[in-house]
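J.: Let's see this in three dimensions:
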Amino acid sequence: MTALFNLQSAHVHYGSIHALADCNLQIEAGERVALVGSNGSGKSTLLRLLHGLLKPSSGSALAGAGARQAMLFQRPYMLRASVQNNVALSLWLRGANWKQAKQAALAALERVGLAELAGRNAKTLSGGQQQRVALARAWACKPAVVLLDEPTSSLDPAAKREVERLMRAFADSGTTLIFSSHNLGQVKRLASRVVYLEYGRVVADLPTHDFFNGPLPAAAEHFLKGELG
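T.: Model prediction:
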């Protein structure tokens, strides 16, 4: 089977900073992959490389193999427009007429429990609500792959649970889910596979059960014990 993503000896440099080093990674369609590691370990860079926002400085990166993708950032960008129009615009840009885009946007907002806020200015929403709007925007586009960068960072517990519910809904529909997280409980609940990064290198790549229960490289063990952050 051809991997949906295939990185071979991929390196990413930001000037003198070696953000990703000799990365070899294959991800199949339908997997639920969590990227974990300390701040600055390369998680966000890896997500951007997988999404095609970055090109490798050297090595190769087959990213997505033509599959429709959506990426949610830690702080989703909201236009100074209604919640419904924030979702509809993504569909209009993909070729839907405006009336169809508005109808599909409302259906997506119903899916994330925000239909009653459709007419509100998206900039006035809470962080958790904005993240749900971003998820609705992704859902409306029917992506085969969703990438998320710390999707519940700084959210209150109720908002975290709601975002996790929506992430699970994506995964249950067969969507490939790739997300970075410092929340190890979230990783246990949502991921089928865990990739641990350190200084831009993939140090461990294991099924979730094995990552939390099996032997690990020393740095990953320290990370699980909270000694690295």
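J.: Tell me which residue lies nearest the centroid of this protein.
T.: By C-alpha atoms, centre = their mean, the mean C-alpha position of the chain lies nearest to residue 148, the distance being 1.5 Å.
J.: can you pull the contacts of that one?
T.: Residue 148 makes contacts with 47, 71, 72, 167, 177, 178, 179, 180, as judged by C-beta atoms under 8 Å, 6 or more residues apart in numbering. All C-beta atoms are positioned from the backbone trio N, CA, C, and that covers glycine.
J.: so of these, which ones are in helices?
T.: Per DSSP state H, helices hold the following members of these: 47, 167.
J.: which two in the contacts of residue 148 are spaced the farthest apart?
T.: Greatest spacing in those, by C-beta to C-beta: 47 and 167 (14.4 Å).
J.: wait, residue 158 sits on residue 129?
T.: No: taking contacts as C-beta atoms under 8 Å, residue 158 lies outside contact range of residue 129: 11.2 Å.
J.: Looking at those two now, which is surrounded by more residues?
T.: Each of residue 158 and residue 129 has its neighbours counted (other C-beta atoms under 10 Å); residue 129 has more, 21 against 9.
J.: count of residues packed around the nearest residue to residue 109 once chain neighbours are set aside?
T.: Leaving aside its sequence neighbours, residue 109 sits nearest to residue 115 (C-beta to C-beta, 6 or more residues apart in numbering; 4.6 Å). A total of 16 residues lie near residue 115 under the criterion other C-beta under 10 Å.
J.: Okay, and the residue of the chain most remote from its centre sits in which element?
T.: Of all residues in the chain, residue 99 has its C-alpha farthest from the mean position, at 29.1 Å, by C-alpha atoms, centre = their mean. Taking DSSP states H and E as the definition, residue 99 sits inside helix 98-111.
J.: Which positions in that helix come out as buried?
T.: Residues 101, 102, 104, 105, 106, 108, 109, 111 are the ones in helix 98-111 that count as buried (16 or more other C-beta atoms under 10 Å).
J.: now the angle between helix 98-111 and the helix or strand that it is followed by, please.
T.: Downstream of helix 98-111, the next assigned helix or strand under DSSP H and E is helix 127-140. Counting by axes from the mean of the first three to the mean of the last three C-alpha atoms, to 10 degrees, helix 127-140 lies at 130 degrees to helix 98-111.
J.: Not counting sequence-adjacent ones, nearest residue to residue 68?
T.: Residue 68's closest residue in space is residue 143 (C-beta to C-beta, 6+ apart), at 4.8 Å.
J.: you'd agree that neighbour is up against residue 69?
T.: Yes: Residue 143 is within contact range of residue 69, at 5.5 Å (criterion: C-beta under 8 Å).
J.: Now do the same for the residue nearest to residue 68: its pLDDT.
T.: You'll see residue 143 listed with a pLDDT of 92.
J.: Might you report the residue contacts of it?
T.: 67, 68, 69, 70, 175.
J.: of the residues you listed, buried ones?
T.: In those, burial by neighbour count holds for 69, 70, 175, counting by 16+ other C-beta under 10 Å.
J.: hey, what's the second one bridged with?
T.: The one in question is residue 70. Judged by DSSP bridges, the bridge partners of residue 70 are residue 146.
J.: ok, it to residue 208 distance?
T.: Distance check for residue 70 against residue 208: by C-beta to C-beta, to the nearest Å, it reads 23 Å.
J.: Same check on the last one?
T.: In this structure, residue 175 and residue 208 are separated by 18 Å, where distance is defined by C-beta to C-beta.
J.: re the thing from before, just checking, which of the buried residues of helix 98-111 comes out lowest on pLDDT?
T.: Within those, residue 111 has the lowest pLDDT, namely 89.
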